[in-house]
Each structure stands twice: as C-alpha cells, then as structure tokens.
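> what shape does this take:
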Amino acid sequence: MSNTKPTKTSKNTENKTLSLEETRQLLNQRNAELAVISSVQEGLAAEMGMQGIYDLVGDQIRKLFDAQVAAMCTFNFENHTEEFQYIFEDGQRFNMEPRPIDKVRQLLIDTQDILCINENADDAWTKITGEAPTVIPGTKLTKSAIFVPMKVGTEVKGYVSLQNLDREHAFSDSDIQLLATLTNSMSVALENARLFNEAEQHNAELSVINSVQQGLVAEMDMQGIYELVGDKTRELFDSQVTIIASFDHESQNEVFNYIFEDGQRFYPEPRRLDKIRESLIKNKKLIDIREKSEEFYTSITGKSPESVPGTTFPKSLIFVP
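Down below sits the predicted model:
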C-alpha cells in the first residue's frame with residue numbers, strides 16, 4: 001500500500017528566524033483556526049443545537065480546503081456506530097443514517113493517529129479492511145483522503161475527513177498539518193458545546209418537572225398542571241404547535257388537555273384514536289416526521305390526514321408517548 005499510512009505531525013524544536021512566507025503561512029493557519037473556533041462560539045451564542053454547530057463548522061472547513069468531500073462524524077460507542085454530523089460531496093449535502101464502525105474507523109480509534117491515503121485507494125482500503133471498498137449510497141469512491149481523529153483527552157470522539165474523488169496526492173503536507181491543527185482545537189470546542197447543550201437540556205428538564213411540582217404544591221387540579229407544563233414546553237421549543245393529549249382507553253378516544261397553534265389556544269372535543277395514536281400505544285416509541293408529512297400519515301392510516309378543526313396539518317411533527 002504505497003504512501004498509505006497514519007501520518008504523525010511533529011514539532012520542530014529548533015530556534016530559527018521565520019521567513020516571510022513561513023510567517024504568512026502561520027498567520028493563515030492561526031486565522032483559520034480562530035475562524036473555526038469562532039463558528040462554535042457563534043453557535044453557542046445563538047443557542048444552536050449541536051447539529052447547527054456542526055453545520056457551521058463544516059461549512060467553515062469546506063471554505064478553507066479545496067476538497068470535493070468534507071465530512072464530520074462522531075462515534076457512538078454504546079451501539080458501535082458512526083454518526084454523520086456533516087457530509088458534503090460535489091456541492092451536495094447528504095443526510096446519512098448511522099452505520100456500524102468499520103475497520104478504517106476502528107484504526108483511527110485504536111491508533112489515535114491521522115490516516116492519509118494519497119494513492120491506490122482501492123488497494124489501501126482492501127489492505128485495511130480485508131475486503132473490497134464500499135461507498136455511501138449516492139457517492140463515489142475517493143482517490144485521496146485524510147482522516148483526522150477528533151480527540152478529547154485520550155478518547156477519539158470522531159473524525160474529520162477531506163477527500164478528493166478525481167485526483168491522487170490531492171492534499172499537501174501543509175493541508176494535513178492545518179486540518180490536524182483545526183481538528184485539535186475544534187474537538188475541545190465541540191466537546192464544550194456538547195456539555196453546554198447537555199446542561200441546558202438538563203435545566204429545561206428540571207424546569208418542566210418544577211412546573212409539575214409547582215402545580216402540586218399549589219394544589220392545582222390536573223388541568224391546571226397540564227396548563228403549566230404546556231406553557232413551559234412552548235417556551236422551550238421553536239414550534240408553532242404544542243399539544244398534550246391523553247388516551248381514554250375505555251372509550252378509545254384521545255382527549256386534548258392542551259393545544260396551542262400559532263399563538264392561539266384551542267379546545268377541541270375528544271376524538272377517536274387514529275392509526276398514529278394506536279402506533280404510539282402499541283410500540284411505545286416516539287414518532288419523528290421531518291418531511292412529506294401527509295404522505296407519511298397516509299402510509300400509516302391508509303387515508304388522507306385530518307387536522308383538529310380550526311388548525312392546519314403540519315409539515316414536521318414529533319409525537320412522544
């Protein structure tokens with residue numbers, strides 16, 4: 001496997017006077033590093049979720065490098081999968097489902113080192129994995145690739161990858177050095193952002209629980225508690241519609257305890273459980289509909305969707321049992 005090996009970066013400890021060109025390169029590298037870190041801070045300041053921050057950072061990296069493919073992935077060690085936080089190829093964004101960690105990614109985790117494939121990519125892949133290379137559906141096999149592990153402490157949390165689909169030796173030593181520097185800085189910033197988001201989520205959770213406790217202490221009836229929790233949930237999420245509903249299993253009806261749409265409170269009558277609600281009851285799992293909501297609804301129920309009287313059918317929905 002020619003020119004295919006983990007590439008270590010090293011520091012030159014000799015004192016020397018930098019040339020004008022070297023100084024310029026260091027300044028450019030520092031500016032790029034600050035731009036990426038600023039993207040993370042910008043996302044935090046805007047109270048973005050982690051995906052929004054990944055998108056900001058991914059876009060920043062794409063601007064800095066002449067790469068047809070830019071990817072940021074994280075590892076979920078509980079189920080041994082890699083999760084695609086950001087992947088762009090030939091100007092097109094891909095939204096990929098998680099997949100099992102393969103031998104290439106496992107090599108990154110085990111060695112905690114940069115993997116650089118400059119030529120003979122098919123052979124390189126086969127040597128590492130023991131089988132012919134496979135690609136993400138809708139994409140092409142790369143000719144050149146850099147994989148830089150995202151490390152926090154002694155643990156590899158994921159990786160950043162740049163790839164070229166048409167050229168071997170597409171990335172220079174300075175490209176590798178810059179990406180390594182950016183990834184090292186970014187890993188810490190992203191981990192801090194993740195911890196911050198987790199803390200915010202925990203605070204939001206406590207806020208809702210406190211609302212319930214507040215209602216109990218005030219000796220409110222159940223409807224009063226639904227009102228408190230519904231109002232608190234509306235404050236936490238950027239949603240046009242917030243609903244709390246309960247099921248009357250004896251009559252097979254759903255009862256709308258709280259429903260708000262576009263700033264207006266609704267008080268609809270109970271209605272029969274539909275196939276969506278029956279699915280919640282049977283599977284006890286959340287339903288996440290992000291696109292083509294009417295088609296999704298029809299595929300489950302076998303008929304066109306019906307909305308609560310006075311409301312419109314939504315484009316995105318989450319149902320949590």
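> how about residues contacting the helix or strand harbouring residue 295?
In this structure, residue 295 sits in helix 293-301 according to DSSP states H and E. By C-beta atoms under 8 Å, 6 or more residues apart in numbering, the residues outside helix 293-301 that reach it are 274, 275, 276, 279, 289, 304, 305, 313, 314, 315, 316, 317. For every residue, glycine as well, the C-beta is placed using N, CA and C.
> looking at the residues you listed, which are in helices?
275, 276, 279 (DSSP state H).
> got those as JSON lines, with distance to residue 140 columns?
Listed next are the ones in helices among the contacts of helix 293-301 as JSON lines, based on distance: C-beta to C-beta, whole Å:
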{"residue": "275", "distance to residue 140": "40"}
{"residue": "276", "distance to residue 140": "39"}
{"residue": "279", "distance to residue 140": "38"}
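> quick check, nearest of those to residue 128?
Closest approach to residue 128 among the ones in helices among the contacts of helix 293-301 (C-beta to C-beta): residue 279, at 42.3 Å.
> all strands of the stretch 101-250 of the chain, in order?
114-117, 144-152, 155-164, 241-248 (DSSP state E, counting those that start in this stretch).
> buried sites along stretch 229-241?
Using 16 or more other C-beta atoms under 10 Å as the test for burial, stretch 229-241 gives 229, 230, 232, 233, 234, 241.
> tell me how far it is from the chain's mean position?
22 Å (C-alpha atoms, centre = their mean, to the nearest Å).
> over to stretch 294-309?
Its chain's C-alpha centre lies 29 Å from the corresponding centre of stretch 294-309 when counted by C-alpha atoms, centre = their mean.
> that one spans what distance, first to last residue?
This stretch, stretch 294-309, spans 17 Å end to end (C-alpha to C-alpha, to the nearest Å).
> report the buried members of the contacts of helix 293-301.
Among those, those classed as buried by 16+ other C-beta under 10 Å are 276, 279, 289, 305, 314, 317.
> and the gap between the third one and residue 180?
What it means is residue 289. 40 Å (C-beta to C-beta, to the nearest Å).
> one more: the fourth one?
Taken as C-beta to C-beta, the spacing of residue 305 relative to residue 180 amounts to 50 Å.
> over to the second one?
Counting by C-beta to C-beta, the separation of residue 279 from residue 180 is 47 Å.
> cool, and the last one?
Using C-beta to C-beta, we find residue 317 at a distance of 42 Å from residue 180.
> likewise the first one?
Distance, residue 276 to residue 180, using C-beta to C-beta: 48 Å.
> re the thing from before, pLDDT on the helix holding residue 295, on average?
Averaged over helix 293-301, pLDDT sits at 83.
> list the buried ones in it?
With burial defined by 16+ other C-beta under 10 Å, the residues of helix 293-301 counted as buried are 296, 297.
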